[in-house]
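K.L.:
This is the structure alone, sequence omitted:
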C-alpha cells in the first residue's frame, strides 16, 4: 500500500481499493484488537472523504466504503461499550 500511495497517489482508485480492503480485513478479523478496529475506522473515514471528493457520492466505490465505515463503527462501538450487569 505505501508504494501504491507513493506511485499512484492517495486519490487513485486502486489505492483507495487497496486501503479499503486492508481496513475491511482489520475490522472483520475475529482477533482484531481495539487498536485494529480504531485504525480500520480511521482509514475508512479518510478514504471515504477522498473517494467522495474525487469520485462523487454516488460512485459504487464511495458507497461501498460508506457501508464498510458504518459497519466498522458499529463493531467498534460494541467492543468499546462495557457490558451491562443484569
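P.N.:
Ah, there it is. Bear in mind the structure is a predicted one, so any value in this text is a computation, not a measurement.
K.L.:
Could you pull out the helices in the chain for me?
P.N.:
Secondary structure of the chain, counting by DSSP state H: helices at 2-7, 13-28, 34-55, 60-80.
K.L.:
buried sites along the last one?
P.N.:
Of the residues in helix 60-80, those buried by neighbour count under the rule 16 or more other CB atoms under 10 Å are 61-62, 64-65, 68-69, 71-73, 76. Placement of C-beta: from N, CA and C, glycine included.
K.L.:
now the angle from that helix to helix 13-28?
P.N.:
20 degrees (axes from the mean of the first three to the mean of the last three CA atoms, to 10 degrees).
K.L.:
Give me the distance from helix 60-80 to the chain's centre.
P.N.:
Its chain's C-alpha centre and that of helix 60-80 lie 7 Å apart, by CA atoms, centre = their mean, to the nearest Å.
K.L.:
Mind listing residues that contact that helix?
P.N.:
Outside helix 60-80, the residues within contact range by CB atoms under 8 Å, 6 or more residues apart in numbering are 13, 16-17, 20, 23-24, 27, 34, 37-38, 40-41, 44-45, 47-48, 51-52, 55-57.
K.L.:
Look up how far residue 30 lies from residue 46.
P.N.:
To residue 30, residue 46 is 24 Å away according to CB to CB, to the nearest Å.
K.L.:
before we move on, the earlier item: I'd like the helices of the chain as CSV, with mean pLDDT appended.
P.N.:
Compiled in CSV, these are given as follows (pLDDT from 0 to 100):
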stretch, mean pLDDT
helix 2-7, 88
helix 13-28, 96
helix 34-55, 97
helix 60-80, 96
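K.L.:
Quick check: the gap between residue 22 and residue 36.
P.N.:
Going from residue 22 to residue 36 by CB to CB gives 11 Å.
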